[in-house]
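Q: need coordinates for the below:
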Amino acid sequence: MSEIGSAPPTRGLTRNVVVLGIVSLLTDISSEMTLTLLPLFLANDLGARTAIIGLVEGLSETTAGVTRIFSGWFSDLWGKRKGLTIVGYGLSAISKPFLYFATVWPTVLGVRFMDRLGKGIRTSPRDALIADSSAEGRRGLAFGFHRAADSAGAFIGLGAAALIIYLTQRNAILLVSESYRQLVLYAMIPGFVGVIVLALFVRERARRRNPNAQPPRLSFRDLDVRFRIFIAIIIIFTLGNSSDAFLVLRAQDLGLSVFHITLALVLFNAVYMVISTPAGALSDRWGRTRVISASWLLYTVVYLGFGLARTGGHIWVLFALYGVYYGMSEGTARALVGDVVREDQRGTAYGIYNAAVSVTVLPAGLIAGALWQGVGKWPGFGAHAPFLFGSVMSLLALVLLLAWLPTARIGQPRTTETRT
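A: Residues are numbered from 1 along each chain as shown. Predicted structure coming up:
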């Protein structure tokens with residue numbers, strides 16, 4: 001029996017995939033300029049503790065996760081993806097400028113809530129639209145390209161952020177509020193342009209519907225068993241993968257200035273951008289689970305490195321390797337989901353997949369914040385602890401992926417015929 005997603009390539013990227021990549025590029029320019037340094041704004045300017053930062057990040061991602069389930073299912077029920085995608089991108093573009101006025105952490109939480117609500121509305125229909133618009137044997141390439149475009153936007157956004165930080169505060173260790181507010185102002189432009197590009201150039205894909213088919217149900221049990229096993233393993237993995245906010249705080253903890261942290265994130269996204277498309281294409285030939293397994297093994301090593309790092313110099317190498325992990329795993333995992341569920345269930349499946357990751361970020365963020373901040377004077381807590389915990393959890397998930405998922409390969413991926 002062939003590996004999941006190992007069908008031979010048949011054709012290249014479609015118009016929708018390319019345009020959605022451009023939309024993600026523009027949106028990520030805006031997001032990275034405002035949200036990546038948000039943990040430093042919370043900690044340095046608003047005085048929030050790590051537990052509060054974990055709460056803000058976790059609750060925001062949980063909001064996105066819950067929304068993704070219903071938006072994905074509704075796109076299956078409605079039979080259309082584009083409208084929800086526009087609403088989601090639009091809500092995020094409108095909400096982020098309000099960070100300019102934030103003076104207390106609850107305001108930041110409110111903005112993050114609205115931004116993640118928009119992300120929750122758009123992500124599952126968008127992923128389903130990419131899967132629907134790509135050829136069966138090129139789905140890894142399509143998602144890899146989309147991830148590459150997304151990380152290219154992050155690369156540009158963080159490069160712009162680094163320039164603004166350098167011009168406004170040079171090599172200061174702490175983030176100055178005036179510098180952050182400048183980032184928010186400039187980030188508005190690409191965010192709104194992305195929504196316009198989406199509305200004008202993405203085409204709703206026509207889908208054949210069986211007139212005798214029952215409406216798609218919001219049911220986890222109706223989905224392929226391979227998908228359900230994968231979701232269970234993803235949850236275990238994500239419990240140790242709380243939020244990249246803690247990577248930023250770890251870099252600052254080891255002495256990197258805000259400017260150098262921004263450059264390290266530029267390096268991360270440059271590597272992510274370069275790796276994503278070839279890694280997605282590799283998964284089309286080599287198989288999804290093999291590429292994901294290799295990426296999780298690398299993640300285990302990288303998080304162990306973040307836990308054991310002693311100097312700021314270690315951070316540069318670790319961020320580069322972290323980019324390799326992201327490039328290998330993100331698009332490949334999404335392509336796997338598209339492989340193992342029917343076309344009329346893809347919105348629901350992507351909703352559940354994205355929700356599983358996002359909802360788990362809340363307890364993961366709280367765990368990471370508690371491990372970093374410590375409880376009383378118990379030994380073993382501190383800045384290194386969340387990363388050692390994440391390394392252990394990723395290794396456990398890797399073992400389960402290798403042991404369990406092969407047993408779930410019951411025949412070829414389901415066809416796109418609708419259940420009657």
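Q: who's in contact with residue 87?
A: Counting by CB atoms under 8 Å, 6 or more residues apart in numbering, residue 87 touches 118, 121-122. Where you see a C-beta, it was placed from the backbone N, CA and C, and this is true even at glycine.
Q: inside helices: which ones of the residues you listed?
A: Members of the contacts of residue 87 lying in helices (criterion: DSSP state H): 118, 121-122.
Q: could I get those in TSV, plus columns for distance to residue 147?
A: What follows is the ones in helices among the contacts of residue 87, written out as TSV (distance: CB to CB, whole Å):
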residue	distance to residue 147
118	19
121	20
122	16
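Q: quick one: low-confidence parts of the protein?
A: 1-12, 206-217, 374-380, 405-420 (pLDDT under 70).
Q: excluding chain neighbours, give the residue nearest to the residue positioned nearest the centre of it in space.
A: Nearest to the mean C-alpha position of the chain, by CA atoms, centre = their mean, lies residue 330 at 7.2 Å. Closest residue in space to residue 330, ignoring its immediate chain neighbours: residue 147 at 4.9 Å, by CB to CB, 6 or more residues apart in numbering.
Q: helix or strand: which one has that neighbour?
A: Assigned by DSSP states H and E, residue 147 falls within helix 139-169.
Q: got phi/psi on residue 173?
A: phi -70, psi -40 (degrees, to the nearest 10).
Q: how about it, what does it touch?
A: 252, 255, 257-258.
Q: separation between it and residue 253?
A: 11 Å (CB to CB, to the nearest Å).
Q: shared neighbours, these two?
A: With CB under 8 Å, 6+ apart, residue 173 and residue 253 have no common neighbours.
Q: need the helices for the chain, in chain order.
A: Secondary structure of the chain, counting by DSSP H: helices at 15-35, 38-40, 50-78, 82-95, 105-132, 139-169, 177-201, 225-239, 245-253, 258-286, 288-308, 312-340, 346-373, 385-404.
Q: so for residue 219, which of those helices sits nearest?
A: When the helices of the chain are ranked by proximity to residue 219, the top entry is helix 346-373, at 8.0 Å, counting by CB to CB.
Q: tell me what that closest one is packed against?
A: On a contact count with 3 or more CB pairs under 8 Å, 6 or more residues apart in numbering; DSSP states H and E, helix 346-373 meets helix 50-78, helix 105-132, helix 225-239, helix 245-253, helix 312-340, helix 385-404.
Q: buried stuff in stretch 283-291?
A: Neighbour counts over stretch 283-291 (16 or more other CB atoms under 10 Å) mark 283-284, 286-291 as buried.
Q: farthest pair in the residues you listed?
A: Most distant of the buried residues of stretch 283-291, by CB to CB, are 284 and 289, 13.1 Å apart.
Q: which residues touch residue 328?
A: 275, 279, 291-292, 294-295, 298.
Q: ok, for residue 322, nearest residue in space, not its chain neighbours?
A: Using CB to CB, 6+ apart, the closest residue to residue 322 is residue 302 (5.2 Å).
Q: try residue 240
A: residue 393 (2.8 Å).
Q: now residue 52
A: Counting by CB to CB, 6+ apart, the residue nearest residue 52 is residue 105, at 5.9 Å.
Q: would you check that that neighbour makes contact with residue 42?
A: Yes: with contacts counted by CB atoms under 8 Å, residue 105 reaches residue 42, the gap being 5.8 Å.
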